[in-house]
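1. Next come a sequence and a model predicted from it.
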Amino acid sequence: MAGPSPQDDSGVLSGQYLDRPGEPALYVRVVHPRVTRDRLLFIHASTVHSEYYLPLALQLARHGVETWLPDLRGHGHSAGQRGHTRSWREPLRDVLATWQAMQEERTTRALIGGESYGA
């Protein structure tokens, strides 16, 4: 994971590309609170990307929630044809890859949520 950089006093923002042989590069932003109580994988709506949800993630960091915000393929910094998937299985693989990476990081409770397409 790339080195953290200060975002504001509520959390530290980092970003990384997940290594996924045979799959498009998947960019994930993570907002780390000072003390992590829970972790949340938050999936974005269609036509937006993870940066749109940074204010939410920073607010959650104030309450101890580490938030993982992937850019699904074709969105934001991730590779892939803009706004297009061939099958529902493609974004599902993106979500599962992010979930697995998130599970490797910590042992605190893990939650999943999203908005619109991501819910």
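-> Cool, the structure landed.

2. make it CA atoms for all contacts and neighbour counts henceforth
-> Noted.

3. ok, the nearest residue to Ala61 once chain neighbours are set aside - how many residues close by?
-> Spatially, and ignoring its direct neighbours in sequence, Ala61 is nearest to Pro33 (4.5 Å; CA to CA, 6 or more residues apart in numbering). As a burial measure, Pro33 scores 25 neighbours (other CA atoms under 10 Å).

4. I'd like the distance between Pro33 and Tyr17.
-> Using CA to CA, to the nearest Å, Pro33 is found at 20 Å from Tyr17.

5. Could you pull up the residues touching Leu26?
-> Counting by CA atoms under 8 Å, 6 or more residues apart in numbering, Leu26 touches 17-20, 70-73, 77-79, 94.

6. All the helices of this structure, residue numbers only.
-> Along the chain, the stretches classed as helices by DSSP state H are 54-61, 89-105.
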